[in-house]
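Student: Sharing a model prediction with you, sequence too.
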Amino acid sequence: MGLSKLAKGWRKGAVKGNAEDQYQLARCYAEGDEGVKRDKVASAAWWGKGAAQGHVDAQCDLGVCHERGDGVEQSLELAVTFYRQAAEAGHASGSPRRILCILQRGGSGRRSGSGVVGERRRGRR
């Protein structure tokens with residue numbers, strides 16, 4: 001099975017620098033959706049491109065990647081940075097309370113769960 005029409009469109013837009021397309025393509029890599037092979041490194045990289053352009057969902061999801069070490073080296077400092085950026089833009093998951101929870105974990109940053117998208121589906125975003 002090849003890439004879906006949606007994924008092809010997102011990839012084309014992502015390469016051209018469209019932040020929403022970068023976010024959607026990253027989501028496909030994170031989930032292994034729309035004919036895209038699951039790849040945590042690629043998902044973090046595309047979320048990083050979207051986050052750099054101020055896409056708040058990408059900022060928050062990149063924070064989760066850094067919190068857990070999914071596709072990037074684990075860094076609670078970077079997780080907090082991306083959560084803070086998202087919170088300042090009004091994203092609920094990037095709230096100061098979430099940042100405080102990370103800091104109170106004492107540096108482990110690890111948590112069970114099915115990943116970034118799993119949290120979204122469970123209503124934690």
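Tutor: Received, thanks.

Student: Per-residue pLDDT of Ser93, please?
Tutor: Note for Ser93: predicted pLDDT of 74.

Student: I'd like the distance between it and Leu6.
Tutor: For Ser93, the distance to Leu6 equals 24 Å [CB to CB, to the nearest Å]. C-beta: built from backbone N, CA, C; applies to glycine.

Student: Tell me which of those two has more neighbours.
Tutor: Ser93 (21 against 15; other CB atoms under 10 Å).

Student: from what I can see the more buried one touches Tyr83, true?
Tutor: Yes: applying CB atoms under 8 Å, one finds Ser93 in contact with Tyr83, separated by 7.4 Å.

Student: got any residues that touch both of those two?
Tutor: Here Ser93 and Tyr83 have Cys60 as joint contacts, going by CB atoms under 8 Å, 6 or more residues apart in numbering.

Student: how near is the residue nearest the centre of the chain to Lys5?
Tutor: For the chain, the residue sitting closest to the mean C-alpha position, by CA atoms, centre = their mean, is Asp61 at 2.3 Å. Applying CB to CB, the value for Asp61 to Lys5 is 24 Å.

Student: Thanks a lot, catch you later.
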